[in-house]
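*Asks:* take a look and give me a structure for this.
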Amino acid sequence: MRSRAVALALIMCLLLSTSAAGVERTGFGVVFMTDWLVWGHTSNALQEHVGTMNDGSEFRMVRLSATRALGEHHEARLSFDLRGGQAIVRDAYVELREMPYVGDIRLGHFREPFSIEAETSSRFVSFMEFGLPTVFAPGRNMGLMLKNRGLGHRAHWAVGLFQDVSDYGNSQGAGKVALTARLAALPVFEEESGDFVHAGLAFSTRVPPDERVRYRARPEVNLAPWFVDTRDPETLEDIQAERLNLGNAEVAGSFGPLHFQGVYSIACATVPVDGASPCEACGPGKMAMWGLSAQAGYFITGEHREYSLGSGSFSPIVPFRDFLERQGPGAWEIVARYSLLDLTEADTVDSRLSNLSLGLNWYPSVQTRMTLNVLTPSLEDIGSDIAVAMRLQADF
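*Replies:* The predicted model follows:
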């Protein structure tokens, strides 16, 4: 493990070196997030079902990144998380931009294009964690992706071929190449004000590694235990799936200080004939699991939720009056979200997980943020609880 960390450090040094001709931009970044969590312990039945629900704190993220641009059309990026004494690879890719006919070409290890939440950096989401439907997003894998813009940059598409790999880039089992594609557009976009309405669709078809699928989720806070898990607790076996099709539909928008977002994701697994059961969503011989989330937010200080035309996702929050340099109030935001995750078609899960979250965000500057979330996770027919979570985040 130490050798991997040394190798990553050497690669980062190469990326940051300035000896090569034609270098126009280099960058090095560090992000850290520190979380705290306190449970209300309102349901003994829930705690007996999911296990110990401890109060606690943790470094949610310590991430190092380096970006190297060679001219206007060539960029390389490397980032990794320091977690448990290990270096976990996040991004490691090369991108060729504005190529004739195809647009941008990206090759390496990076996030598959699937939903607006998965495309938006965890630094810029409105809550401490992504909504429950993001459990279906394929995440980061090895692949080749083409992406481009059209309709005056009001439409964005991306399509790629991917191989499921571990955090260290190693192939996982005998999975085959997956196809993932996403299309996003702005039916409403006011360039002067920045107001917009975003709509998007995504699809992925894949053969899971070793034809096994597992989904599990925490109630939108990383310090919580797993509330739902499709792995059989007795046999420790995962869902057998000959093929997995993933779908996502999304809508988002921002009008002045008000912004909103809705996401629906579904996973349809083709199961063996002897394990098949009728499925209204996916058809016979298939198993459907799905999730949705709806959220809205408002900037008390009047800021606007920024949008990236290049990726069809949200961008950093820039306060009107920086608290640290201009002695202003920074940016203050209130948010609310409801999420639901239904894995009940997997025989090992007998309840739905839902979560209502209220949040308060303070952005002293574009690089810093403090977050307070109040969460009320609930398992159907079992019980619910309340938790208070906080985060300190810095990006420099």
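
*Asks:* so where's the stretch 1-150 of the chain shaky on pLDDT?
*Replies:* Confidence mapping of the stretch 1-150 of the chain against pLDDT under 70 gives the ranges 1-25.

*Asks:* count of neighbours near the residue lying closest to Glu190 once chain neighbours are set aside?
*Replies:* Distances taken as C-beta to C-beta, 6 or more residues apart in numbering put Phe196 closest to Glu190, at 7.1 Å, once the chain neighbours are dropped. All C-beta spots, glycine's among them, are computed from the backbone N, C-alpha and C. Residues lying near Phe196 (other C-beta atoms under 10 Å) number 22.

*Asks:* ok, Gln240 next?
*Replies:* Around Gln240 there are 17 residues (other C-beta under 10 Å).

*Asks:* nearest spatial neighbour of Met99, chain-adjacent residues omitted?
*Replies:* In space, Met99 is closest to Ile105, 5.7 Å off (C-beta to C-beta, 6+ apart).

*Asks:* in whatever helix or strand the one you found lives in, what's buried?
*Replies:* If you go by DSSP states H and E, Ile105 is part of strand 103-111. For strand 103-111, the buried set under the neighbour-count rule, 16 or more other C-beta atoms under 10 Å, comprises 103-106, 108-111.

*Asks:* what about the residue nearest to the spatial centre of the chain, which SS state?
*Replies:* The geometric centre of the chain, computed from its C-alpha atoms, lies nearest to Ala118 (C-alpha atoms, centre = their mean), at 3.4 Å. Following DSSP: H, G, I helix; E, B strand; the rest coil, Ala118 is assigned to helix.

*Asks:* that one contacts Phe136, doesn't it?
*Replies:* No. Ala118 lies out of contact with Phe136 (C-beta atoms under 8 Å); the separation is 9.4 Å.

*Asks:* shared neighbours, these two?
*Replies:* The contact sets of Ala118 and Phe136 do not overlap (C-beta atoms under 8 Å, 6 or more residues apart in numbering).

*Asks:* and stretch 54-65, how far from the chain's centre?
*Replies:* 16 Å (C-alpha atoms, centre = their mean, to the nearest Å).

*Asks:* sort out which residues of it are buried, please.
*Replies:* Neighbour counts over stretch 54-65 (16+ other C-beta under 10 Å) mark 60-61, 63-65 as buried.

*Asks:* list of residues touching stretch 41-59?
*Replies:* By C-beta under 8 Å, 6+ apart, stretch 41-59 touches 32-39, 222-227, 379, 382-386.

*Asks:* ok so, going back, show me the contacts for the residue nearest to the centre of the chain.
*Replies:* By C-beta under 8 Å, 6+ apart, the neighbours of Ala118 are 111-112, 130, 134, 137, 139.

*Asks:* what do you get if the cut-off is 10 Å, keeping everything else the same?
*Replies:* When contacts are counted by C-beta atoms under 10 Å, 6 or more residues apart in numbering, Ala118 touches 111-112, 130, 133-134, 136-140, 182, 202, 248, 250, 263, 265, 313.

*Asks:* how about Val159?
*Replies:* So Val159 contacts 113, 144-148, 179-183, 203 (C-beta under 10 Å, 6+ apart).

*Asks:* those: which two are farthest apart?
*Replies:* Leu144 and Leu183 (18.3 Å; C-beta to C-beta).

*Asks:* and Trp36, how far from Gln261?
*Replies:* 26 Å (C-beta to C-beta, to the nearest Å).

*Asks:* meant to ask about Val89, not that
*Replies:* For Val89 relative to Gln261 (C-beta to C-beta), the value is 29 Å.

*Asks:* can you check Asn373 too?
*Replies:* Taking C-beta to C-beta, one finds Asn373 at 16 Å from Gln261.

*Asks:* can you put the buried residues of stretch 54-65 in CSV and add distance to Ile300 and secondary structure?
*Replies:* Shown next, in CSV, are the buried residues of stretch 54-65 (distance: C-beta to C-beta, whole Å; DSSP: H, G, I helix; E, B strand; the rest coil):
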residue, distance to Ile300, secondary structure
Arg60, 25, strand
Met61, 27, strand
Arg63, 29, strand
Leu64, 34, strand
Ser65, 31, strand
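
*Asks:* reformat those residues as TSV; add distance to Leu244.
*Replies:* Formatted as TSV, the buried residues of stretch 54-65 follow (distance: C-beta to C-beta, whole Å):
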residue	distance to Leu244
Arg60	28
Met61	28
Arg63	29
Leu64	33
Ser65	30
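
*Asks:* with the residues you listed in mind, which one is nearest to Asp232?
*Replies:* Among these, and counting by C-beta to C-beta, the member closest to Asp232 is Arg60, at 29.6 Å.

*Asks:* quick revisit: pull out the buried members of the contacts of Ala118.
*Replies:* Buried by 16+ other C-beta under 10 Å: 111-112, 130, 133-134, 136-138, 140, 182, 202, 248, 250, 263, 265, 313, out of those.

*Asks:* which parts of the stretch 101-250 of the chain are strands?
*Replies:* Per DSSP state E, counting those that start in this stretch, the stretch 101-250 of the chain carries strands over the ranges 103-111, 140-150, 155-163, 178-189, 196-206, 212-213, 216-217, 228-229, 239-240, 243-255.

*Asks:* work out the gap between the longest strand along the chain and the centre of the chain.
*Replies:* Secondary structure of the chain per DSSP state E: the longest strand is strand 23-39. Its chain's C-alpha centre and that of strand 23-39 lie 15 Å apart, by C-alpha atoms, centre = their mean.

*Asks:* likewise stretch 323-341?
*Replies:* 19 Å.

*Asks:* spit out the contact partners of the residue nearest to Asp350 when sequence neighbours are not counted.
*Replies:* Nearest non-adjacent residue to Asp350, counting by C-beta to C-beta, 6+ apart: Thr344, 6.8 Å away. By C-beta under 10 Å, 6+ apart, the contact list for Thr344 reads 228, 288-289, 350-352, 380.

*Asks:* flag whichever of those scores worst on pLDDT.
*Replies:* The lowest pLDDT within the contacts of Thr344 belongs to Asp350, with 81.

*Asks:* can you tell me the SS state at that one?
*Replies:* Three-state assignment for Asp350 (three-state DSSP): coil.
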